[in-house]
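Peer 1: got a sequence here, can you build the structure:
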Amino acid sequence: MRFRRLSVALTMVGAKWARRGSAAEIGLLVAASTATACGYHPVYGAGATERLHVMLVRARVPDPIASEEVASGMREGLAQAGALAPGDGFPRAEIEVLKSDESSEAMTVGTAGPVARATDVGILARAWVVSDAGGQRVRDTGDIHADEVIAVDRIQGVLDPRGAGFREADALRAAARRLGHKLASKLLGDAAASEEPVRMP
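Peer 2: From the prediction side, this is the model:
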């Protein structure tokens, strides 16, 4: 707040100098005002310009497409920030997909007892940067989670396993794509990318 007040004061003084000061004096004032401005900056300064290749190094979930969706989501996120390098090589972002899970949501009373009205499908992964072959991991994101909630398919009150299977697979892959975006944001220094608590045990 003090910096903001100083910036405003310098701007007001600059208005007076603009009418009678030299070009050098005005330029000095503008530079000082800019230096006092407040703003947010990436946690990792180098990540804003560094271009990264992307590699999925390990997947511990049964759906291989979901793991690839995490990598695709990261490529999209890096590309949107101008930080994606095509193909293979170094430096690169490496991804480890750790776990997928599902849990019941919104319980209700059924004919045979409590039943779920929805299913929460989630996926957990982490990423880091390696500068060269055999290099150390840096900028590890830690475990980051994303999920999707879908309605439970029922036919006359009975669970439809075919419909549920398709919807859960689609939901897992959608969550995986969004997770890739979150990993990319964290690698680029956006601390908010991991604010969602990890709910998987």
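Peer 1: let me see the domain layout of this structure.
Peer 2: Annotated domains of the chain cover 2-35, 45-194 [automatic domain parsing].
Peer 1: mean confidence for the longest one?
Peer 2: Think domain 45-194. The average of the pLDDT scores along domain 45-194 is 85.
Peer 1: quick one: the helices in this structure?
Peer 2: 2-20, 23-35, 64-80, 161-187 (DSSP state H).
Peer 1: what sits against the closest residue to residue 59 other than its chain neighbours?
Peer 2: Leaving aside its chain neighbours, residue 59 sits nearest to residue 67 (3.8 Å; criterion: Cβ to Cβ, 6 or more residues apart in numbering). All C-beta spots, glycine's among them, are computed from the backbone N, C-alpha and C. Residue 67 makes contacts with 56, 59, 61, 97, 176, as judged by Cβ atoms under 8 Å, 6 or more residues apart in numbering.
Peer 1: for beta bridges, what are the partners of the first one?
Peer 2: In this case it means residue 56. Residue 56 has these beta-bridge partners by DSSP bridges: residue 95.
Peer 1: pretty sure it sits against residue 88.
Peer 2: No: between residue 56 and residue 88 there is no contact under Cβ atoms under 8 Å: 11.7 Å.
Peer 1: what's near enough to touch residue 148?
Peer 2: Per Cβ under 8 Å, 6+ apart, neighbours of residue 148: 120-122, 171-172, 174-175.
Peer 1: where's residue 66 relative to residue 129, distance?
Peer 2: According to Cβ to Cβ, to the nearest Å, residue 66 and residue 129 sit 23 Å apart.
Peer 1: what of residue 76?
Peer 2: Residue 76 is 18 Å from residue 129, where distance means Cβ to Cβ.
Peer 1: do residue 82 as well
Peer 2: Residue 82 is 16 Å from residue 129, by Cβ to Cβ.
Peer 1: over to residue 57?
Peer 2: 12 Å.
Peer 1: hey, what's in contact with both of these two?
Peer 2: Common neighbours of residue 57 and residue 129 (Cβ under 8 Å, 6+ apart) are residue 94.
Peer 1: nice, that's everything, thank you.
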